[in-house]
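Visitor: this one's structure only:
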Ligand code: HEM
């Protein structure tokens, strides 16, 4: 366990592996939002519209929940066995079907998926996960396995 840099309370700790994923998740969301704000081509504003509208209105409750869920998802699927890493959200097909999950603004295309993977890869590199590490390999393996269920 290491000190949780997001808490001013020194008693609050977090697993080092979970912290690494959480950093990558936070950076990924930051990159997605930055592209929406600059209206960059291929940005994912339509998909994340419900979440972005809330954040714009200073309501970050669901954003925090998404960060936690995504961190659980990556930790759990790469072998995190402690209870804190248990993922209990929707399965990937349901989570990315706007008819089931109204938080998914529109369906993701192949191009959207590739764009999303690019954000995650850039976020990993920005957080010091070099491409030749086991952690990076684990992230890529999970990403590669999910294109089919998520693009629907
Ligand atoms: C490796 C690829 C991906 C993974 C592992 C992933 C994982 C997840 C997870 C765990 C959730 C939370 C589900 C829940 O709360 O029950 C979620 C929600 C969501 N995902 Fe993905 N996702 C991926 C790709 C994508 C792509 C490509 C898009 C859009 C282009 C996308 C858009 C969304 C949206 C809009 C939500 C709802 C966010 C909200 O709650 O406001 N995801 N995803």
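Guide: In hand now; what should we look at? Quick caveat, the model's predicted, so the values are computed rather than measured.

Visitor: From residue 83, how far out is the closest residue to the ligand within the chain?
Guide: Nearest residue of the chain to the ligand: residue 89, at 2.8 Å (C-beta to the nearest ligand atom). Any C-beta I mention is one placed from the backbone N, CA and C, and that applies to glycine too. From residue 89 over to residue 83 the distance is 15 Å, taken as C-beta to C-beta, to the nearest Å.

Visitor: Please identify which of those two sits among more neighbours.
Guide: residue 89 (15 against 6; other C-beta atoms under 10 Å).

Visitor: What residues does the chain have near the ligand?
Guide: The interface of the chain toward the ligand, taken as C-beta under 6 Å from any ligand atom, is made up of 44, 47-48, 50-51, 62, 66, 69-70, 73, 89-90, 95-96, 103-105, 108, 112-113, 116, 143, 146, 150.

Visitor: Tell me the buried residues in the longest helix belonging to the chain?
Guide: In the chain, taking DSSP state H as the definition, the longest helix is helix 16-37. For helix 16-37, burial by neighbour count (16 or more other C-beta atoms under 10 Å) applies to 17-29, 31-33, 35-36.

Visitor: For stretch 63-79, report the contacting residues that lie outside it.
Guide: Under the criterion C-beta atoms under 8 Å, 6 or more residues apart in numbering, residues 15, 17-18, 21-22, 24-26, 28-29, 51, 54-55, 84-89, 138-139, 142 lie in contact with stretch 63-79.
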